[in-house]
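> sequence-free structure coming up:
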């Protein structure tokens, strides 16, 4: 990964997943990363030690109780050394810690603050988590939990993007303004908005049941096979034609990929093949299919 953030020092107070995941990406881009954890530690350590270890690799971890005078001394010592502050608190908690942007910017004008929140504005005080943000955007269609923490991880990408933006803006303002020192910026990243961004393909209808990548196209589905499943992504005409040829179907008119009979024929074809046979087929015919247990 690029070292575009080399020379940037990030102080993180963010716990659990979105903040630490953003910090992990920033570290891989060359940033120097410091994290202050409460005496009880990051809850992620209790959920999953392996995840915590990977998220914290290369990060200097300091333990301090920010609600005490001694903890505040540690906090402000580190703020004075940093270029970016990363948090994931509700706005009320930011106020209690004395980290409102007006105060922070007055004390450390060169410091940028990337604040991860659940939702923008007053809704930032409402309780929520990855699952509720996904559900609110139509991304939990059944009773099963999503396969991963989409809002948290996409929010972490947006937060690392915000760090990059802050670093670039500081550099550009400093270089072009004649200022003696660059000025920091406040950037809010809402997990609800990250979920809404992920939901755009569904909003557009692409992943709805009648959409081409929502199940209506026979070349973009998950089918059972003899000894497992196969993910089929033969959406483009040349891939669809190759799939139809393998299944013994006429692919002269791509509109047939939406016909029930085509779905039935391709499903029957895959059901008669083993994973090993389908793996060979994918390699021989250059088809985007992947078998799964």
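Happy to help now that I have it. Please read all numbers here as calculations on a predicted model, not as lab measurements.
> Looks to me like residue 189 is in a helix.
No: counting by DSSP: H, G, I helix; E, B strand; the rest coil, residue 189 is located in no helix; its state is strand.
> Confirm for me that it is in contact with residue 115.
Yes: using Cβ atoms under 8 Å, residue 189 is in contact with residue 115, at 7.0 Å. In short, each C-beta sits where N, CA and C put it, glycine included.
> Tell me which residues touch the closest residue to residue 247 other than its chain neighbours, please.
Leaving out its chain neighbours, the residue that sits closest to residue 247 by Cβ to Cβ, 6 or more residues apart in numbering is residue 269, at 3.9 Å. Contact analysis of residue 269 by Cβ atoms under 8 Å, 6 or more residues apart in numbering lists 246-248.
> what are the ranges of the strands in this structure?
Here the chain has its strands, by DSSP state E, at 9-12, 32-37, 60-63, 84-87, 112-117, 186-190, 220-225, 228-233, 289-292.
> Output the ones you listed as JSON lines; include the columns mean pLDDT and mean neighbour count.
Conversion of the strands of the chain to JSON lines gives the following (pLDDT from 0 to 100; neighbours: other Cβ atoms under 10 Å):
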{"stretch": "strand 9-12", "mean pLDDT": "98", "mean neighbour count": "23"}
{"stretch": "strand 32-37", "mean pLDDT": "98", "mean neighbour count": "21"}
{"stretch": "strand 60-63", "mean pLDDT": "98", "mean neighbour count": "13"}
{"stretch": "strand 84-87", "mean pLDDT": "98", "mean neighbour count": "25"}
{"stretch": "strand 112-117", "mean pLDDT": "98", "mean neighbour count": "25"}
{"stretch": "strand 186-190", "mean pLDDT": "97", "mean neighbour count": "20"}
{"stretch": "strand 220-225", "mean pLDDT": "98", "mean neighbour count": "17"}
{"stretch": "strand 228-233", "mean pLDDT": "98", "mean neighbour count": "17"}
{"stretch": "strand 289-292", "mean pLDDT": "98", "mean neighbour count": "17"}
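> need the longest helix for the protein.
helix 150-177 (DSSP state H).
> other SSEs contacting that one?
Here helix 150-177 touches helix 18-28, strand 84-87, strand 112-117, helix 130-136, strand 186-190, helix 191-198, going by 3 or more Cβ pairs under 8 Å, 6 or more residues apart in numbering; DSSP states H and E.
> Lovely, talk soon.
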